[in-house]
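Fold the following.
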Amino acid sequence: MVLWFPEFFTRVLPGWVISLAHVVHSEEALLATGFIFTIHFFNSHLRPNKFPLDDVIFTGRESTEEMAHERARELETLTAAGPIEAKLVPPMRRWIRRLLVAYGAAAFVVGMTLLIFILFSMVFR
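Residues are numbered from 1 along each chain as shown. A predicted model of the protein is given here:
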């Protein structure tokens, strides 16, 4: 709120509060970004059964075995709605999967680099 309405708050508070709010907000944003990347990436993509990449995010395709394990209720709903064979799609082409794995690896490297920079900036000021 202080950063949204600085004129209002400087009528009541000294000017250095604006600078303090900016520093606190910046540090919290870096910490939140690093935390979200770390927790999401490692819990979603680097699980042993999904390594090196969970390609469902890119393609929307998932095998019926994986769906039965991870989304059993949704599979039951699809099965109850009619024959599931009509909803199946062919497997993804190998070159597309390789391209997606390369993209995922690049995103991982960028994310880890940013995480290292965030930690470095917080520790070595």
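
any idea how far V101 is from P83?
Going from P83 to V101 by CB to CB, to the nearest Å gives 32 Å. Quick note: C-beta positions are derived from backbone N, CA and C, even for glycine.

of the two, who's got more company?
Using other CB atoms under 10 Å, the more surrounded residue of P83 and V101 is V101, with 14 against 9.

Touching the worst-scoring helix or strand of the chain on mean pLDDT from outside, list them.
Between all helices and strands in the chain, the lowest mean by mean pLDDT, DSSP states H and E belongs to helix 56-59, at a mean of 74. Residues from elsewhere that reach helix 56-59 (CB atoms under 8 Å, 6 or more residues apart in numbering): 62, 92, 96, 100, 103.

Not counting the helix or strand following it itself, show me its contacts.
On the C-terminal side of helix 56-59, the closest following helix or strand by DSSP states H and E is helix 64-70. Contact with helix 64-70 is made by 62, 74-75, 84, 88, as judged by CB under 8 Å, 6+ apart.

I'd like the average pLDDT over helix 64-70.
Across helix 64-70, the average pLDDT comes to 83.

repeat for stretch 116-125
On average, stretch 116-125 scores 82.

Quick one: end-to-end distance for stretch 5-15.
Across its full length, stretch 5-15 reaches 12 Å between end residues, using CA to CA, to the nearest Å.

Return the distance of that stretch from the chain's centre.
36 Å (CA atoms, centre = their mean, to the nearest Å).

Check the gap between V101 and I36 for me.
Distance of V101 to I36, computed by CB to CB: 23 Å.

what about the helices in the chain?
For the chain, helices defined by DSSP state H occupy the ranges 6-9, 16-44, 56-59, 64-70, 72-81, 94-123.

Save those helices as TSV, and put in distance to K50 too.
Compiled in TSV, the helices of the chain are given as follows (distance: least, CB to CB, whole Å):
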stretch	distance to K50
helix 6-9	46
helix 16-44	8
helix 56-59	9
helix 64-70	9
helix 72-81	17
helix 94-123	11
